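# Sequence and predicted model, in that order:
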Amino acid sequence: MVETSMNTTATLARGQGVALWRQIAGTMEREIASGNLAPGARLPTEAELSARFAVNRHTVRRAMEELEGRGLVRIEQGRGSFVAEDVLDYPVGRRTRFSETIRRQNREPQGRMLRIEEVPAEAHIAEQLCLRRGRPVVVAERLSLVDGRPIAIGTHWFSATRFPGIAGLLAEEASITRVLTRLGIPDFRREATRITARMPTPEEATLLEQSRTRPVLVTEALNLDPEGQPVEVSFGCYASGRVQIVAES
């Protein structure tokens, strides 16, 4: 988590007709605009801001509410206040590739595998992959980051019979696209994407570095090879404060 530094003291113009909370909000807005407060940086606590501006916490809270309402900061209960990040457009369409999408926006994609294991296919996954229920599938859970900030958790299922050895390749290579290329699937397309929203689990909130009270966007997708055979079923869990999903025709 990026921490930020601010001037330890600040002088407000008192008794001149401008509310103190407005002056505090204006000062912090200028510091955000100047780059002194970086996107994603944790802001000082209410107590620290109260000391800096020599006001009570209610005045600080009113200033923070103003900044939050204008989209300049985000307040997360139990975690603190942060400078709002730019919201990333994430298009989903027939050909959706995480790294390509992020690099087109001049951002740096990263990925980290959280879990890889072989399990029996549950009914829904088996149906999507055209398998019998209980057949072995490999499930891979991956954390996706942009410029070092987590934006999504992806859970991916593959037929262990069709792709023997995929678990080992996924352990070596964070890019699912490159792994599938090595397994003879140089290209694949998305058959459909379902988008919903819900509250995160405690584990998801921790991995995404967001509040448990902020919703996440959830996608369910099926990818097919050029012959129309199922390759992968995936679920994505996106930090809604940092990502907006754009449906492409």
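Received the coordinates, thanks.
# where are the low-confidence patches of the chain?
Along the chain, the model assigns pLDDT under 70 to residues 1-10, 249.
# centroid residue for it?
In the chain, the centroid-proximal residue (C-alpha atoms, centre = their mean) is I151; its distance is 1.7 Å.
# what's near enough to touch R14?
Going by C-beta atoms under 8 Å, 6 or more residues apart in numbering, R14 touches L20. Where you see a C-beta, it was placed from the backbone N, CA and C, and this is true even at glycine.
# three-state assignment of the residue nearest to the centre of the chain?
strand (DSSP: H, G, I helix; E, B strand; the rest coil).
# what's the distance between it and M113?
I151 sits 16 Å away from M113, going by C-beta to C-beta, to the nearest Å.
# follow-up on the earlier one: from what I see, the residue nearest to the centre of the chain and Q244 are in contact.
No: using C-beta atoms under 8 Å, I151 makes no contact with Q244, being 10.9 Å away.
# Give me the common contacts of those two.
In contact with both I151 and Q244: L88, Y90, using C-beta under 8 Å, 6+ apart.
# contacts for the helix ranked longest in the chain?
Criterion DSSP state H: the longest helix present in the chain is helix 20-34. The contact list for helix 20-34 (C-beta under 8 Å, 6+ apart) reads 6, 10, 12-14, 37, 43, 49, 53, 55, 59-60, 62-64, 66-67, 70, 72-73, 83.
# what sits against I176?
I176 makes contact with A140, R142, H156, L170, E232, according to C-beta under 8 Å, 6+ apart.
# Quick check: which helices or strands does the helix or strand containing the last one pack against?
For E232, the enclosing helix or strand under DSSP states H and E is strand 230-239. If contacts are counted by 3 or more C-beta pairs under 8 Å, 6 or more residues apart in numbering; DSSP states H and E, strand 230-239 sits against helix 123-128, strand 149-159, helix 176-182, helix 202-208, strand 216-224.
# just how off-centre is that strand within its chain?
Strand 230-239 sits 14 Å away from the centroid of its parent chain (C-alpha atoms, centre = their mean, to the nearest Å).
# ok, now stretch 12-19?
Using C-alpha atoms, centre = their mean, the offset of stretch 12-19 from its chain centre is 40 Å.
# From start to finish, how long is that stretch in a straight line?
This stretch, stretch 12-19, spans 10 Å end to end (C-alpha to C-alpha, to the nearest Å).
# For it, buried residues please.
L12 (16 or more other C-beta atoms under 10 Å).
# what's the answer for stretch 55-70, then?
For stretch 55-70, a neighbour-count test (16+ other C-beta under 10 Å) marks V55, T59, V60, R62, A63, M64, E66, L67 as buried.
# for stretch 196-208, same thing?
Going by neighbour count (16+ other C-beta under 10 Å), the buried part of stretch 196-208 is P200, E204, A205, L207, L208.
# And the furthest pair within those?
Greatest spatial distance among the buried residues of stretch 196-208 (C-beta to C-beta): P200 and L207, at 8.9 Å.
# Chain neighbours aside, what residue packs nearest to G134?
In space, G134 comes closest to P120 once its chain neighbours are excluded; the distance is 4.5 Å by C-beta to C-beta, 6 or more residues apart in numbering.
# which secondary structure elements does whichever strand or helix holds E48 contact?
E48 is located in helix 46-53, with elements delineated by DSSP H and E. With contacts taken as 3+ C-beta pairs under 8 Å, 6+ apart, helix 46-53 sits against helix 20-34, helix 57-69.
# can you list the domain ranges for the protein.
Here the chain is described, according to automatic domain parsing, as comprising the domains 20-83, 88-247.
# residues near H124, how many?
By other C-beta atoms under 10 Å, the residues close to H124 number 12.
# same question but for G236, I mixed them up
For G236, the tally of surrounding residues (other C-beta under 10 Å) stands at 26.
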